[in-house]
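1. sequence and predicted structure below; questions after.
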Amino acid sequence: MRPPLPLQAHWIDMFADVFALCGVKPGDACAVLSETQTRAELPQLSELALLRLGARVFHVVMPARALAAPVPVRSTGATAAIGQLEPVVQALASSVFVADCTVEGLQHAIELPQILAGGARVLAISHEHPEILERCLPRAEDEAPVRDAMKRLKAAAAMRVTSAAGSDLHIALAGARVGGVWGFTAKPGTLSHWPGGLVLAFPAAGSVNGTLVLDRGDVNLTFKRYLQEAVRLVIEDDHVVAIEGDAAGFEAELMRGYFAAWGEPSAYAVSHFGWGLNRRARWDAMAFYDKADFNGTELRAFAGNFLYSTGANEVAGRHTAGHFDLPLRGCTVVLDGAMVVDQGRLV
């Protein structure tokens, strides 16, 4: 593991600014959750920022757990670090605020509902270089456009996604669970993540059909790579049933191998989809960082991307640790005939 980065004063400032947006007040009991594989500077910055705000801070550090999958597990947003250890869950649930510095985050962790039921506010801090967090620093005005997008998505009956590369995806939205993230939360019993700036939906079973074409330069965040050639996914009844690519290439082969390694039909199914709203996030950011310094939350949120993800979906009753996060450029997203993204540009 590489040595921790020297802490910078302006990083403490920015952590304090975001925690203040989360409503942290003097005297609040605040937990800093991390694990033994966490980047050391993230819990350190969290502690210093919370102390600056006058909070009462304690750390929960979980040891790394043994591998429980046949392949590397990445991009899930569901840390396994807590392992349903009840005293830890209770400590987090009884906190006013939790700075989540785990590697994968609490967003989809099995313990999250119990933690939120206790009234805790949780901010999942993306596990990456603090410079990325700095460039994508949440602002108070980021909330309104995400809430507006959520309202539109909740009111719609159908979504269609097309692209010049050949995508043509049809999605029924009845029964979908809609969410949005703007990078901070001040409401008890809620979670947000930093960077933020996206709206998404977890669809009911049997909602997604069509074709999704990942073009050159689109992103496979599970592999942390830009695609070198196009990959065509055929989707029937929520599930990827064909993965087609350049016969001389290997992008499709890489995806086929990871899908198949799980040995589970749910690994091929849709988890969630949505679009990015963060105009400060950059599609090209991954080119500037080593993989260990980049988690990719920024690329999930860059303005105008269409994000398609496979794997676990509680709304549809599917559970798996296999997960792909696939932000696409150049897509047009239409809700009930009204365009919200036009060829990769926000409308």
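-> It's in. Numbers count the residues shown, from 1 in each chain.
2. now do the helices in the stretch 201-347 of the chain.
-> Applying DSSP state H, counting those that start in this stretch to the stretch 201-347 of the chain gives helices spanning 251-261, 297-301.
3. want to throw those helices into TSV with distance to residue 44?
-> Every residue, glycine included, has its C-beta placed from N, CA and C. Shown next, in TSV, are the helices of the stretch 201-347 of the chain (distance: least, C-beta to C-beta, whole Å):
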stretch	distance to residue 44
helix 251-261	34
helix 297-301	20
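4. between the ones you listed, which gets nearest to residue 45?
-> helix 297-301 (16.5 Å; C-beta to C-beta).
5. buried ones in that closest one, by neighbour count?
-> With burial defined by 16 or more other C-beta atoms under 10 Å, the residues of helix 297-301 counted as buried are 297, 298, 299, 300, 301.
6. and of those, the nearest to residue 150?
-> Relative to residue 150, the closest of the buried residues of helix 297-301 is residue 301; by C-beta to C-beta it sits at 14.3 Å.
7. need the pLDDT of the closest one.
-> You'll see residue 301 listed with a pLDDT of 98.
8. wait, it touches residue 274, no?
-> No - judged on C-beta atoms under 8 Å, residue 301 makes no contact with residue 274 at a distance of 9.8 Å.
9. need the residues touching each of those two.
-> Residues touching both residue 301 and residue 274 (C-beta atoms under 8 Å, 6 or more residues apart in numbering): residue 198.
10. about what we covered before: nearest to residue 235, out of the helices of the stretch 201-347 of the chain?
-> Of the helices of the stretch 201-347 of the chain, nearest to residue 235 by C-beta to C-beta is helix 251-261, at 12.5 Å.
11. can you show me the CA trace of the closest one as PDB?
-> Extracted in PDB, the C-alpha atoms of helix 251-261 (Å, rounded to 0.1, in the frame of the first residue of the first chain):
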ATOM      1  CA  GLU A 251     -13.300  -5.600 -25.000                       C
ATOM      2  CA  ALA A 252     -16.300  -7.800 -25.500                       C
ATOM      3  CA  GLU A 253     -14.300 -10.800 -24.400                       C
ATOM      4  CA  LEU A 254     -13.300  -9.100 -21.200                       C
ATOM      5  CA  MET A 255     -16.900  -8.300 -20.400                       C
ATOM      6  CA  ARG A 256     -18.100 -11.800 -21.200                       C
ATOM      7  CA  GLY A 257     -15.500 -13.300 -18.900                       C
ATOM      8  CA  TYR A 258     -16.500 -11.100 -15.900                       C
ATOM      9  CA  PHE A 259     -20.200 -11.700 -16.400                       C
ATOM     10  CA  ALA A 260     -19.700 -15.400 -16.700                       C
ATOM     11  CA  ALA A 261     -17.400 -15.700 -13.700                       C
END
